[in-house]
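Chemist: The following comprises the amino acid sequence and a computationally predicted model.
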Amino acid sequence: TEACLSAIDASGALNAFVHNTPEMAREMAVAADERIRQGRAAPMTGIPLGIKDVFCVRGVPSQAASRILSGFKPEYESTVTQNLWNAGAVMLGKLNQDEFAMGSANETSCYGPAVNPWKAANGAPLTPGGSSGGSAAAVAADLCLAATGTDTGGSIRQPAAFTGTVGLKPTYGRVSRWGVIAYASSLDQAGPMTKTVRDAAIMLGAMASSDPADSTCADLPVPDFEAALTGDIRGKRIGIPREYRVDGMPDEIDALWHKGAEMLRDAGAEIVDISLPHTKYALPAYYVIAPAEASSNLARYDGVRFGHRAKLAQGDGITEMYEKTRAEGFGPEVQRRIMIGAYVLSAGFYDAYYNRARKVRALIKRDFDTAFAEGIDSILAPATPSAAFPLGSTAQDDPVAMYLNDVFTVTLNLAGLPGIAVPVGQDKAGLPLGLQLIGRPFEEGDLLNQAHALE
Ligand code: GLN
């Protein structure tokens with residue numbers, strides 16, 4: 001814990017931690033030592049963690065990197081962080097992210113972007129990805145042993161791929177959403193960001209639980225995910241979806257994909273070509289459904305209940321109070337999503353956009369169901385269309401180019417499936433590249449075991 005606290009103090013240039021809690025960390029570390037002395041240690045006992053800002057931690061600023069939540073210190077604890085503290089983990093502080101987890105470069109944060117510890121060949125600062133960019137940067141730079149992330153459309157897996165770390169998005173419902181500031185409730189899922197697949201297995205075991213406070217959280221026992229890492233994947237059938245071979249995919253991503261398939265084949269798996277025919281509709285469906293849910297979730301930030309309230313002029317009424325507060329409190333990307341969401345949900349356009357996107361979502365889920373019913377154990381695909389790109393390259397001027405980053409990751413959020421990004425290779429400049437394995441629902445143990453063969 002002390003080593004992490006010093007590393008964090010020296011890491012200002014990465015802008016990964018946005019709020020440090022050294023006193024809490026030391027108290028928790030002392031308690032963990034005591035617990036170990038008493039022989040009551042769990043695998044996470046004494047492990048210093050960074051927590052993405054989107055998780056509510058009692059008494060600690062929790063703003064989801066938004067100005068509108070400035071000054072908000074929750075009086076309650078998210079179930080995920082409570083589970084981690086119950087296991088004896090140590091809280092180092094809050095990690096940078098995109099505002100309300102909307103973004104793929106950590107550039108929409110009210111704290112400014114987190115920076116990737118990997119540098120471009122010309123020294124230019126690179127994005128650590130988003131939205132869990134601070135988590136990925138902190139794990140890659142050894143500021144913490146592991147971190148929490150959340151993944152609505154790729155926000156755990158893409159930053160993991162950009163920083164050479166491991167990121168696991170669990171099955172929807174494996175982990176409680178209680179106390180995680182909501183973006184798109186039918187897609188959001190928290191998960192571990194770690195250095196190795198084994199660490200991800202251990203940390204998921206501590207994060208997961210059933211939870212009466214989240215009705216979408218599955219009432220299932222939490223298996224021993226670490227015990228599932230047998231190293232034996234002989235006879236597993238791993239699908240390569242032909243629709244993920246998108247136009248303009250760089251050669252090095254293609255080569256990486258081949259390398260991953262070879263590694264799995266060498267370990268005894270059978271590699272089969274499969275089809276997920278509705279893949280090309282995933283991105284547009286996601287960018288209708290996610291903003292629709294966001295516009296509804298973000299309606300609660302009205303200047304009354306949480307955080308920021310604008311200064312009002314003489315004669316301003318409640319409407320002006322809402323308008324000024326929301327105009328000042330939300331950044332441009334969040335405002336764009338609220339407007340898209342309100343538009344696709346409006347009476348005249350609901351059927352044409354939102355309802356159609358929901359139907360497309362059902363078809364995408366059916367593609368996966370069919371593949372699994374035909375005996376596929378997991379699906380191998382790239383995690384991202386490129387290595388980490390320079391900060392400041394697209395964010396404000398071309399939102400659609402930024403959305404295209406999520407082409408390989410959003411499908412499984414729509415289908416509720418687990419997915420893991422694992423570092424498998426490098427691009428020409430030596431930057432890390434990651435592959436993604438997509439698993440059967442609630443079979444994270446099996447998925448982790450297959451991912452282990454890619455390390
Ligand atoms: N980049 C995607 C978005 O901006 C995914 C974000 C996420 O998974 N939280 O919506």
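Modeler: It's in. Numbers count the residues shown, from 1 in each chain.

Chemist: Give me the number of neighbouring residues for Gly112.
Modeler: Residues contacting Gly112 under the criterion other Cβ atoms under 10 Å number 13. In short, each C-beta sits where N, CA and C put it, glycine included.

Chemist: average pLDDT across stretch 233-249?
Modeler: Per-residue pLDDT values over stretch 233-249 give a mean of 93.

Chemist: For that stretch, measure first residue to last.
Modeler: Using Cα to Cα, to the nearest Å, the end-to-end distance of stretch 233-249 comes out at 29 Å.

Chemist: Now find how far off-centre that stretch is within its chain.
Modeler: 22 Å (Cα atoms, centre = their mean, to the nearest Å).

Chemist: Show me which residues of it are buried.
Modeler: Ile233, Lys236, Ile238, Gly239, Ile240, Pro241, Glu243, Tyr244, Met249 (16 or more other Cβ atoms under 10 Å).

Chemist: Same question for stretch 297-312.
Modeler: Buried, per 16+ other Cβ under 10 Å, within stretch 297-312: Asn297, Leu298, Tyr301, Asp302, Gly303, Phe306, Gly307, His308, Arg309, Ala310.

Chemist: ok, now which ones touch the closest residue in space to Ser135 that isn't next to it in sequence?
Modeler: Once flanking residues are discounted, Ser135 sits nearest to Ala147: 3.8 Å by Cβ to Cβ, 6 or more residues apart in numbering. Taking Cβ atoms under 8 Å, 6 or more residues apart in numbering as the criterion, Ala147 is in contact with 49-52, 95, 132, 134-136, 138-139, 192-194.

Chemist: now swap in Ala387 and tell me
Modeler: Contacts of Ala387 by Cβ under 8 Å, 6+ apart are Phe162, Glu252, Gln426, Asp427, Ala429, Leu431, Pro432, Leu433.

Chemist: Give me the secondary structure label for it.
Modeler: Recorded secondary structure, Ala387: coil (DSSP: H, G, I helix; E, B strand; the rest coil).

Chemist: Could you chop the chain up by domain?
Modeler: For the chain, the structural domains run 2-234+382-452, 281-355, going by automatic domain parsing.

Chemist: between those, which gets nearest to Asp266?
Modeler: domain 2-234+382-452 (10.2 Å; Cβ to Cβ).

Chemist: and that closest one, anywhere near the ligand?
Modeler: Yes - judged by Cβ under 6 Å from any ligand atom, domain 2-234+382-452 comes into contact with the ligand at Ala101, Met102, Gly103, Ser104, Ser131, Asp151, Thr152, Gly153, Gly154, Ser155, Tyr183, Asp406.

Chemist: burial of the first one, as a residue count?
Modeler: By that I understand Ala101. Quick note: Ala101 (other Cβ under 10 Å) scores 30 neighbours.

Chemist: Wait, it touches Phe55, no?
Modeler: No - judged on Cβ atoms under 8 Å, Ala101 makes no contact with Phe55 at a distance of 11.0 Å.

Chemist: got any residues that touch both of those two?
Modeler: Shared contacts of Ala101 and Phe55, counting by Cβ under 8 Å, 6+ apart, come down to Thr150.

Chemist: If you count neighbours, what's buried in the strand or helix carrying Arg326?
Modeler: Assigned by DSSP states H and E, Arg326 falls within helix 318-329. The neighbour-count check on helix 318-329 (16+ other Cβ under 10 Å) flags Met321, Tyr322, Lys324, Thr325, Arg326, Gly329 as buried.

Chemist: what does stretch 445-453 rub up against?
Modeler: Looking at what lies outside stretch 445-453 - Cβ under 8 Å, 6+ apart - the contacts are 166, 168, 197-198, 200-201, 204, 223-225, 227-233, 236, 238, 263-264, 267, 269, 377-378, 418-420, 422, 437-440.

Chemist: is it possible to export the residues of domain 2-234+382-452 next to the ligand to JSON lines including secondary structure?
Modeler: Output for the residues of domain 2-234+382-452 next to the ligand, formatted as JSON lines (three-state DSSP):
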{"residue": "Ala101", "secondary structure": "helix"}
{"residue": "Met102", "secondary structure": "coil"}
{"residue": "Gly103", "secondary structure": "coil"}
{"residue": "Ser104", "secondary structure": "coil"}
{"residue": "Ser131", "secondary structure": "coil"}
{"residue": "Asp151", "secondary structure": "coil"}
{"residue": "Thr152", "secondary structure": "coil"}
{"residue": "Gly153", "secondary structure": "coil"}
{"residue": "Gly154", "secondary structure": "coil"}
{"residue": "Ser155", "secondary structure": "coil"}
{"residue": "Tyr183", "secondary structure": "coil"}
{"residue": "Asp406", "secondary structure": "helix"}
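
Chemist: residue contacts, Trp178?
Modeler: Going by Cβ under 8 Å, 6+ apart, Trp178 touches Ser78, Thr79, Asp211, Ala213, Asp214, Cys217.

Chemist: Please apply the same query to Ala381.
Modeler: Ile240, Pro241, Tyr244, Trp257, Phe408, Leu435, Gln436, Ile438 are the contacts of Ala381 under Cβ under 8 Å, 6+ apart.

Chemist: can you do 6 Å?
Modeler: Applying Cβ atoms under 6 Å, 6 or more residues apart in numbering, we find Ala381 in contact with Tyr244, Phe408, Gln436.

Chemist: export the host helix or strand of it as PDB, just CAs?
Modeler: Assigned by DSSP H and E, Ala381 belongs to strand 378-382. Backbone C-alpha positions of strand 378-382 (Å, rounded to 0.1, in the frame of the first residue of the first chain) are rendered in PDB as follows:
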ATOM      1  CA  SER A 378     -16.400 -19.100 -27.000                       C
ATOM      2  CA  ILE A 379     -15.800 -16.500 -29.700                       C
ATOM      3  CA  LEU A 380     -12.400 -15.000 -30.600                       C
ATOM      4  CA  ALA A 381     -12.300 -11.500 -32.000                       C
ATOM      5  CA  PRO A 382     -10.100  -8.400 -31.900                       C
END
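
Chemist: dump the residue contacts of the residue of the stretch 201-350 of the chain found nearest the ligand.
Modeler: Nearest residue of the stretch 201-350 of the chain to the ligand: Ala290, at 5.2 Å (Cβ to the nearest ligand atom). With contacts defined as Cβ under 6 Å, 6+ apart, Ala290 is in contact with Ala184.
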